[in-house]
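Chemist: got a predicted structure here, sequence first:
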Amino acid sequence: MSAKIIDGKQVAARCREELKQQVAALRARGIIPGLAVILVGEDPASQVYVRNKHRACEELGIHSEQYTLPADTDRQTLLDLITELNGREEIDGILVQLPLPGHLDEKEILSAIDPAKDVDSFHPQNVGRLVIGDYFFAPCTPSGILTLIDSAGVDLTGKECVVIGRSNIVGKPMALMLLHRNATVTVCHSKTRELPSVTRRADVLISAVGKAGFVTADMVKPGAVVIDVGMNRNQAGKLCGDVDFESVSRVAGYLTPVPGGVGPMTITMLLRSTVLSAQNRRKKQ
Ligand code: GUN
């Protein structure tokens, strides 16, 4: 068997085209959606992500502001900036790029963002809403993954879905969103015993581990949908995912590549949330 490749670049381009039209409609009413991105420190991967977010906003006509703060920024300075952005009418979305330097308390910082502008959906109030299935913003990466699965025409109802990784950014929200789609969900992590026997049950296998070549063909059920969230560098310095693409593509039914799979979708979902926020917050204008 040779897996069908789910082309994230193509799906993202289609979504962005729709969003462009929605932004144009808002602009015609005098509303320019606005996103503020805060980066603390000089993590090279974060710098690339933030730059890509800014560029994507520009392409769509979304106003974007970038705040780059030194790695030793104190909590009060960061909290004051968030408070200022919370109060600015023309800012619809606020994103604090993670990870934060160790001296800053991630929970405290994320809790300071106005939940109505929390386009990442990391504020505890929005996390709670996600748990009960009453959510407005959905976390960007899981949201992008669902859009990719939908684009392949796969119905999740009753499917065995296995998520490897239990982070607050991907694994946990992903599991909840799959549950809301009526899938049967298992979350695996570093302490899971006999991982291959669990992953082999999966009709849909989602890997968010961060280790190149972690998912091998013997861990995959023939015909499964395999979603690779990994963003790793292999020994040659080449960007690659968690999945051993070469061997898994011979077993899986569908597979997302790295690069060009989940990555382009994450930013697209952020743009979507920003537009949604502008539509919601400025309804009366
Ligand atoms: N770092 C890695 N992924 C993300 C994300 O989706 N949002 C934020 N804010 N930081 C991240």
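Modeler: Cool, got the structure. Keep in mind the model is a prediction, meaning the values are calculated, not measured. Numbers count the residues shown, from 1 in each chain.
Chemist: helices of the stretch 101-250 of the chain, start to end?
Modeler: 106-111, 124-131, 140-151, 171-180, 195-199, 245-248 (DSSP state H, counting those that start in this stretch).
Chemist: how close does the closest residue in space to Gly34 that isn't next to it in sequence get to Leu26?
Modeler: Nearest non-adjacent residue to Gly34, counting by CB to CB, 6 or more residues apart in numbering: His63, 4.2 Å away. The way it works is simple: take the backbone N, C-alpha and C, and place the C-beta from them, glycine included. When distance is defined by CB to CB, to the nearest Å, His63 is 11 Å away from Leu26.
Chemist: more neighbours: those two, which one.
Modeler: Remark: of His63 and Leu26, Leu26 carries more neighbours, 20 against 17, as counted by other CB atoms under 10 Å.
Chemist: isn't the more buried one right next to Gln279, touching?
Modeler: Yes - the criterion here is CB atoms under 8 Å, and Leu26 meets it with Gln279 at 6.9 Å.
Chemist: now for the residue of the chain found nearest the ligand, how many residues are close by?
Modeler: Going by CB to the nearest ligand atom, the ligand is nearest to Leu98 of the chain, at 3.6 Å. Using other CB under 10 Å as the criterion, Leu98 is surrounded by 18 other residues.
Chemist: tell me the SS of it?
Modeler: The three-state label given to Leu98 by DSSP: H, G, I helix; E, B strand; the rest coil is coil.
Chemist: residues contacting it?
Modeler: Going by CB atoms under 8 Å, 6 or more residues apart in numbering, Leu98 touches Ser46, Glu106, Ile169.
Chemist: may I have the phi/psi pair for Asp244?
Modeler: Main-chain dihedrals, Asp244, degrees, to the nearest 10: phi -70, psi 90.
Chemist: which residues touch it?
Modeler: By CB under 8 Å, 6+ apart, the residues touching Asp244 are Gly213, Phe214, Val215, Thr216, Ala217.
Chemist: okay, it: pLDDT?
Modeler: According to the prediction, Asp244 has pLDDT 97.
Chemist: touching both of His63 and Leu26, which residues are there?
Modeler: Ile32, Pro33.
Chemist: which positions in this structure make contact with the ligand?
Modeler: Leu95, Val96, Gln97, Leu98, Asp120, Cys140, Thr141, Ile169, Thr266 (CB under 6 Å from any ligand atom).
Chemist: pLDDT at the nearest residue to the second one once chain neighbours are set aside, what is it?
Modeler: Nearest-residue entry for Val96: Ile38, 4.8 Å, with adjacent residues in sequence omitted and distances by CB to CB, 6+ apart. The per-residue pLDDT reported for Ile38 equals 98.
Chemist: dump the helices of the stretch 101-250 of the chain into a markdown table; add mean neighbour count and distance to Thr83 as well.
Modeler: Listed next are those as a markdown table, based on neighbours: other CB atoms under 10 Å; distance: least, CB to CB, whole Å:
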| stretch | mean neighbour count | distance to Thr83 |
| --- | --- | --- |
| helix 106-111 | 15 | 12 |
| helix 124-131 | 16 | 17 |
| helix 140-151 | 23 | 24 |
| helix 171-180 | 21 | 26 |
| helix 195-199 | 16 | 44 |
| helix 245-248 | 17 | 45 |
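Chemist: now the ones you listed as CSV including distance to Tyr254?
Modeler: What follows is the helices of the stretch 101-250 of the chain, written out as CSV (distance: least, CB to CB, whole Å):
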stretch, distance to Tyr254
helix 106-111, 33
helix 124-131, 25
helix 140-151, 8
helix 171-180, 16
helix 195-199, 15
helix 245-248, 11
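Chemist: just to revisit the earlier point, now tabulate the residues of the chain next to the ligand in JSON lines and tack on pLDDT and distance to Asp74.
Modeler: Formatted as JSON lines, the residues of the chain next to the ligand follow (pLDDT from 0 to 100; distance: CB to CB, whole Å):
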{"residue": "Leu95", "pLDDT": "98", "distance to Asp74": "20"}
{"residue": "Val96", "pLDDT": "98", "distance to Asp74": "15"}
{"residue": "Gln97", "pLDDT": "98", "distance to Asp74": "18"}
{"residue": "Leu98", "pLDDT": "97", "distance to Asp74": "18"}
{"residue": "Asp120", "pLDDT": "97", "distance to Asp74": "22"}
{"residue": "Cys140", "pLDDT": "98", "distance to Asp74": "28"}
{"residue": "Thr141", "pLDDT": "98", "distance to Asp74": "29"}
{"residue": "Ile169", "pLDDT": "97", "distance to Asp74": "24"}
{"residue": "Thr266", "pLDDT": "97", "distance to Asp74": "29"}
